[in-house]
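Colleague: Predicted model, plus sequence, below.
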Amino acid sequence: MKKVFFALCLAVAGFSAANAQEGQMAAGINIGVAPSLEGEGSPTNFGIGAKFQYNVTDPIRVEADVEYWFKSKGISVFDISANVHYLIPIIDNLRIYPLVGIGYANCHFSGMDIDIPEINLPDIPGVDLSGMLGSLERDIDTSSNASRFLFNIGAGAEYDITENLVANFEFKYQYLKDFNRMPIQIGIAYKF
């Protein structure tokens with residue numbers, strides 16, 4: 001009976017804490033840079049993104065974000081992720097937070113176009129070689145896409161500029177198979 005009573009008390013406390021912040025949401029944008037951690041000559045992509053945040057409880061917030069990282073050294077990335085933040089108040093308007101999350105990324109690798117030079121065909125009476133070879137592709141595109149699941153772990157800080165406007169700084173380690181990176185971003189969000 002004590003276990004049932006204790007579980008019931010925990011459930012009520014959890015429900016109360018979840019409802020204490022219900023309705024606190026924010027939407028915003030991020031800009032940043034994401035250096036790749038894989039080998040020499042790896043790309044450093046600049047990116048822009050959008051985010052939506054929802055406070056589940058007073059310290060716990062969930063965030064969904066969508067980001068596009070512009071082409072660098074032939075590689076561009078589009079990713080979608082869901083992160084969980086644990087907000088720790090430092091002073092009145094400043095909070096820090098660790099974060100973890102999962103997501104999906106699509107990496108586009110733009111290879112180089114290979115041009116096949118024109119061939120000077122020999123003149124053979126009665127044989128039209130240009131008709132036979134005219135349909136050959138003259139350019140070969142070596143670009144490709146790779147889809148990857150991703151895992152985020154990192155930290156951030158946010159500062160309330162006004163009651164509804166929040167600025168943030170965030171860095172995270174982003175694990176993608178064969179393409180680990182370290183996005184560093186600044187952002188702004190509007191709370192409603």
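Modeller: Here it is on my side, so go on.
Colleague: so how far is residue 68 from residue 45?
Modeller: From residue 45 across to residue 68, the span is 9 Å (C-beta to C-beta, to the nearest Å). All C-beta spots, glycine's among them, are computed from the backbone N, C-alpha and C.
Colleague: likewise residue 165?
Modeller: 24 Å.
Colleague: what do you get for residue 111?
Modeller: Separation of residue 111 from residue 68 (C-beta to C-beta) stands at 20 Å.
Colleague: Where in the chain is the helix or strand with the lowest mean pLDDT?
Modeller: The helix or strand of the chain with the poorest confidence is helix 2-20; it has a mean of 43 (mean pLDDT, DSSP states H and E).
Colleague: now whatever helix or strand comes next after that one: how far from the chain's centre is it?
Modeller: Using DSSP states H and E, the next helix or strand after helix 2-20 towards the C-terminus is strand 25-35. The chain centroid and the centroid of strand 25-35 are separated by 9 Å under C-alpha atoms, centre = their mean, to the nearest Å.
Colleague: what does stretch 44-57 give?
Modeller: Counting by C-alpha atoms, centre = their mean, stretch 44-57 is centred 8 Å from the centre of its parent chain.
Colleague: Please apply the same query to stretch 179-191.
Modeller: How far stretch 179-191 lies from its chain's middle: 8 Å, per C-alpha atoms, centre = their mean.
Colleague: Show me where this structure has its helices.
Modeller: 2-20, 129-133 (DSSP state H).
Colleague: hey, what's the residue nearest the centre of the chain bridged with?
Modeller: Centroid-nearest residue in the chain: residue 79, 3.9 Å away (criterion: C-alpha atoms, centre = their mean). For residue 79, the beta-bridge partners are residue 67, residue 105 (DSSP bridges).
Colleague: got it, and residue 171?
Modeller: Beta bridges link residue 171 to residue 155, residue 184 when assigned by DSSP bridges.
Colleague: Find the residue closest to residue 70 in space, skipping its chain neighbours.
Modeller: Once flanking residues are discounted, residue 70 sits nearest to residue 46: 5.3 Å by C-beta to C-beta, 6 or more residues apart in numbering.
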